Each structure stands twice: as C-alpha cells, then as structure tokens.
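K.L.:
Sequence below, structure please.
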Amino acid sequence: MSWSWNYRVVKRDDVFAIHEVYYKGDKIVAISDDSIEPCGESFDELSNDVHLFTLAIKNPVLSYDDIEY
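P.N.:
As a prediction, the model looks like this:
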C-alpha cells in the first residue's frame, strides 16, 4: 500500500486550522501536531502551497478527536 499526504482542515478544541495528514492507502496514520502555514523558497513554491491549502478547504473538515491512528 502506498503512503501519501495532503493538507486538511482539522477542528481541534473549537479552532479550525490546516494540518498535514498522512495516509497509508485510505487510512489516516499520522497528523501534524501543529497547524501549518503556507511557505516556499520561491514565490512559485508559495503560490503552489496556497493552492494546496485551497484544496484542503474543499474537503470535509476532520475532527481531531475522531482521528484514530
């Protein structure tokens, strides 16, 4: 099974933030402890990161307390 990751909106303690979420197949196996901010070593990398954040807000919100891994 392949590993993958993406950004997802996670609700934790009544706060919505974007986190990195890691998968093995369709199962969540890890999540970043801290929220993520867009960044890049160039304007194009930053722009791509912002695009990935936009994709994250189009997915259903994950509840931190419901994530089992």
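K.L.:
Is residue 10 in contact with residue 18, as I believe?
P.N.:
Yes - Residue 10 lies in contact with residue 18 (Cβ atoms under 8 Å); the separation is 7.4 Å. Bear in mind the C-beta positions are built from the backbone N, C-alpha and C, glycine included.
K.L.:
Spatially nearest residue to residue 59, not counting backbone neighbours?
P.N.:
Spatially, and ignoring its direct neighbours in sequence, residue 59 is nearest to residue 8 (6.0 Å; Cβ to Cβ, 6 or more residues apart in numbering).
K.L.:
what do you get for residue 65?
P.N.:
In space, residue 65 is closest to residue 12, 7.7 Å off (Cβ to Cβ, 6+ apart).
K.L.:
and the one you found, how many neighbours?
P.N.:
Residue 12 is flanked by 15 other residues according to other Cβ atoms under 10 Å.
K.L.:
what about it, distance to residue 52?
P.N.:
Counting by Cβ to Cβ, to the nearest Å, the separation of residue 12 from residue 52 is 20 Å.
K.L.:
same check, this time on residue 60
P.N.:
16 Å.
K.L.:
now swap in residue 31 and tell me
P.N.:
16 Å.
K.L.:
so where do the strands sit in the chain?
P.N.:
For the chain, strands defined by DSSP state E occupy the ranges 3-12, 15-24, 27-31, 62-63.
K.L.:
Now do the first one: which elements does it pack against?
P.N.:
Right, the one you point to is strand 3-12. Applying 3 or more Cβ pairs under 8 Å, 6 or more residues apart in numbering; DSSP states H and E, we find strand 3-12 packed against strand 15-24, helix 43-57, strand 62-63.
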